[in-house]
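Colleague: sequence? don't have it. structure:
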């Protein structure tokens, strides 16, 4: 009986984190999910919590808890915590605040890619310098807060390092405004620039960014308009970045009430995937900036679609 218990425990541990492919990680509920990139940074494409197979994460579970395979829901918090990081570890215990199917033992399925990007971390009160040797800066992610206990921890009391779920709601907009399109820029990590998301916690500014090579083009259209990307004959579209949402109050603001412009941390998490699927490798393409094409990331906010791309040889 003892050896059987040890065997079952070992199988549960082995079954707790299944690396299905280099880009898909399945983690049983209650275990730690680990995403990592040897080069570049994490870009989560989808994160689902539930059960769609009776076999995955089934060891030691009664059949009644694994039979429901029509159970799934999106988990945006995984995008929020992991995008732009080289390594991301998340304790899934209590991660989802909603249970999509009571009585069923569930698991997390996260699909992600590693995108080539530079990173910069600036401790609170410090200045950071972003630079591109060739090309122009395009900010990918930015957070002023704390997501682990080790970064910028030297000399700080333990009480200031415990909150690792600390995210500023407005970090991306000011960093993008200061740096996008420049060869170099300076940023200041302080709550006078960013909202303080967790008073009493020692924070840092973590940034990931691209160096867009010369010749990168951009397209920006307001909600309900059509974005048309075109390349010369013999070249095809290569997508660098895309977002359907809102990151400032001025773009596409004419005639709009302030209430529709106030939210500036608005990102449709599926933008890059949808745009790349429709345009990557083509000579031209058109995409409608609409909730019917993308998810609605911020109900009540008037949005726009921004795409940066280049034309490369076939």
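Modeller: Right, received. Where do you want to start? Everything numeric here is computed off the predicted structure, so don't read it as measured data.
Colleague: state the mean pLDDT of stretch 259-273.
Modeller: If you average the pLDDT over stretch 259-273, you get 86.
Colleague: then stretch 203-212?
Modeller: 92.
Colleague: next one: that stretch to chain centre, how far?
Modeller: The chain centre lies 13 Å from the centre of stretch 203-212; the measure is Cα atoms, centre = their mean, to the nearest Å.
Colleague: stretch 287-303 too?
Modeller: For stretch 287-303, the distance to the chain centre is 18 Å (Cα atoms, centre = their mean).
Colleague: just the mean pLDDT for that stretch, thanks.
Modeller: 94.
Colleague: gap between the two ends of that stretch?
Modeller: 14 Å (Cα to Cα, to the nearest Å).
Colleague: residues in contact with it?
Modeller: If you take Cβ atoms under 8 Å, 6 or more residues apart in numbering as the criterion, stretch 287-303 is touched by 221-227, 229, 244-246, 252-253, 256, 259-263, 266-271, 274-275, 278-279, 304-305, 307. (Each C-beta comes from the backbone N, C-alpha and C, glycine too.)
Colleague: drop anything exposed from the residues you listed.
Modeller: 221, 223, 227, 229, 244-246, 252-253, 260-261, 263, 266-271, 274-275, 278-279, 304-305, 307 (16 or more other Cβ atoms under 10 Å).
Colleague: and these, which of them are in helices?
Modeller: 271, 274-275, 278-279 (DSSP state H).
Colleague: residue 237: which of the residues you listed is nearest?
Modeller: residue 279 (4.8 Å; Cβ to Cβ).
Colleague: burial measure for the closest residue to the closest one other than its chain neighbours, as a count.
Modeller: Excluding its sequence neighbours, the residue lying closest to residue 279 (Cβ to Cβ, 6 or more residues apart in numbering) is residue 285, at 3.9 Å. Neighbour count of residue 285, defined by other Cβ atoms under 10 Å: 20.
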